[in-house]
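Participant: Return a 3D structure for these sequence lines:
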Amino acid sequence: MTVIRFQGIHRLRSTVTRVVMEKPCILTKTLGAPGSIYKCFEPCIDKHFTIIPYERFVQRKEDFAAKIQAVFSWGPNINVDRDLLQSLPNLKAVINGGVGVDHLDIPLINSFGVKVSNTPHVVDNATADIGMSLMLASARKIIEGQHFSKFRESDDFPESTMGTDVSGATLGIIGMGRIGYKIAKRAQGFDMKILYHNRNRRPENEERAVGATYCASMTELLQRSDFVMVVVNLSPQTHKLISAKEFAMMRPNSTFINISRGLVVDQDALVDALLKKMIRAAALDVTYPEPLPRDHPLLSFPNVIVMPHIGTHTLETSQLMVERMVTNALAILNEGQLPDEVKA
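Facilitator: Reported below is the predicted structural model:
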């Protein structure tokens, strides 16, 4: 009698343990595969979730579809379309890594009762850093200097290698949100004159803290700036915000910097402005498409820096992004709320 009771208790404990240890399932592209979350971040996710690789899911949908409660999207690595949404009956959220969600059809996703989140705030410093890096690299011709050191045919510096000063120059920031404000803080350390244009003017105490002057008109900012940096979200209102008209307003010795989204700029107009020497240079972390085809005209200019969208591409920031994705996923599954929900 005692033995039977002991075995029953043992079986019960075993069952309870399995229930407690079972982790919710999330769908994402195989970690470490091209375009996916890096393998080094797997422990952070695996601690809380059972990871179902998208590649396995496609092959065995009937085994996994009902178990998946969240999709982890790392950029456009998974096409969250109607077919995928219809195949996941218990999906609660699409958890995006990064701030930009222009690759997600949020109204469509919401129509299935599924929420969307991103990872704001944690990307701010790294993105501001890349903006400053592009400005400095372009102004001081860092890449040209590297090429000279590696491939020079003589030891004489040609006149064309001279850069331009950042310290004391005028920086115009289009989009003074969290990231734009952090850029202004950094630029203040270079004694730059800071202008900004934004939908809403910041409080005067915030302007004073970074020495920023508000331009109600973007025209004024473009005409007065030595460096123009775009830091806006992509929306219908900002699609091709900077086009031929805006480039024509800029100074001939000015530099255009884009760290927002490629589609904020009319790239054909940018190419034309560079060909006509309407601006001195350009430095881009974002383009359309990404990456650019190798024969794209922008890649042929010696005064243009094009990066493959690496604004948040640091070990520390990527770790914070993944951790924030986990936080959002746990919140929606346990509490039904998304701390960083993005609404249509």
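Participant: can we go C-alpha only for contacts and neighbour counts from here?
Facilitator: Will do.
Participant: Against Phe301, how distant is Leu270?
Facilitator: 11 Å (Cα to Cα, to the nearest Å).
Participant: ok, and the closest non-adjacent residue to Thr50?
Facilitator: Cys25 (4.6 Å; Cα to Cα, 6 or more residues apart in numbering).
Participant: And Gln223, by the same measure?
Facilitator: Using Cα to Cα, 6+ apart, the nearest residue to Gln223 is Met250, at 5.2 Å.
Participant: Which residues are in contact with that neighbour?
Facilitator: Listed by Cα atoms under 8 Å, 6 or more residues apart in numbering, the contact partners of Met250 are 222-225, 278-279.
Participant: now swap in Glu206 and tell me
Facilitator: The contact partners of Glu206, by Cα under 8 Å, 6+ apart, come to none.
Participant: any idea which helix or strand comes after the host helix or strand of it?
Facilitator: For Glu206, the host element (DSSP states H and E) is helix 204-210. Downstream of helix 204-210, the next assigned helix or strand under DSSP H and E is strand 212-214.
Participant: Bridging across strands, which residues link to Ile305?
Facilitator: Beta bridges link Ile305 to Ala283 when assigned by DSSP bridges.
Participant: Isn't it up against Ala283?
Facilitator: Yes: here Ile305 reaches Ala283: they are 4.5 Å apart, a contact under Cα atoms under 8 Å.
Participant: Between these two, tell me which one has more neighbours.
Facilitator: Ala283 (24 against 20; other Cα atoms under 10 Å).
Participant: There's contact between that one and Met135 in this structure, I believe.
Facilitator: Yes: using Cα under 8 Å, Ala283 is in contact with Met135, at 7.0 Å.
Participant: Report the contact partners of the closest residue to Ala212 other than its chain neighbours.
Facilitator: Take Ala212 and drop its neighbours on the chain: the residue closest to it by Cα to Cα, 6+ apart is Ile194, 4.8 Å away. The neighbours of Ile194, taking Cα under 8 Å, 6+ apart as the test, are 170-173, 184, 187-188, 211-213.
Participant: I'd assumed Ile194 was in a strand, is it?
Facilitator: Yes: the assignment for Ile194 by DSSP: H, G, I helix; E, B strand; the rest coil puts it in a strand.
Participant: Relative to Ser217, how far out is it?
Facilitator: 15 Å.
Participant: One more: Pro76?
Facilitator: The value you get for Pro76 to Ser217, if Cα to Cα is used, is 35 Å.
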